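Peer 1: return atomic coordinates for the entry below.
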Amino acid sequence: MTRGGFDVNHPAVEQRRSARGPGNDEAGEVDHLDDKAPAPDAPGPRELDLRGLKCPLPALRTRKALAALNPGERLAVRATDPMAAIDIPHLLRETGDVLEESAAEAGVLTFVVRKAGGGD
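Peer 2: Okay, here's the model as predicted:
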């Protein structure tokens with residue numbers, strides 16, 4: 001079974017579920033892309049919450065999420081893996097997408113990325 005393009009029956013997903021404890025199968029899911037496209041009057045970025053994932057998953061899932069965006073759309077990525085501070089900017093150099101802002105607060109790295117294309 002897939003959810004948001006990810007295999008929810010994958011052994012790594014099962015391991016994360018069991019680490020969260022019983023009864024938290026659905027409520028604790030955090031590694032997803034917000035399915036709602038931004039409305040024209042609300043230019044806020046889509047959210048991609050990758051907290052708790054380790055290298056190389058934050059970069060791989062960011063690449064996949066960016067591939068699903070239209071040029072000019074923005075993506076806010078949150079990750080706790082310290083390697084994301086290196087991997088995500090490197091990914092953006094490869095893809096040509098634009099890092100608009102980055103921040104680190106309380107162990108959470110945040111990157112706001114604009115999908116390249118359409119006049120970039």
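Peer 1: got any ranges where this structure has weak pLDDT?
Peer 2: Scanning the chain for pLDDT under 70 picks out the ranges 1-43, 118-120.
Peer 1: can you pull out the strands in it?
Peer 2: 2-3, 6-7, 46-50, 74-79, 98-105, 108-114 (DSSP state E).
Peer 1: run through who's touching the last one.
Peer 2: This points to strand 108-114. Among residues not part of strand 108-114, those counted as contacts by CB atoms under 8 Å, 6 or more residues apart in numbering are 45, 51, 62, 66, 72-82, 84-85, 88-89, 92, 97-104, 120. Placement of C-beta: from N, CA and C, glycine included.
Peer 1: turn the strands of the chain into TSV, columns for distance to residue 57 and mean neighbour count.
Peer 2: Output for these, formatted as TSV (distance: least, CB to CB, whole Å; neighbours: other CB atoms under 10 Å):
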stretch	distance to residue 57	mean neighbour count
strand 2-3	16	11
strand 6-7	10	14
strand 46-50	7	20
strand 74-79	9	22
strand 98-105	18	12
strand 108-114	14	20
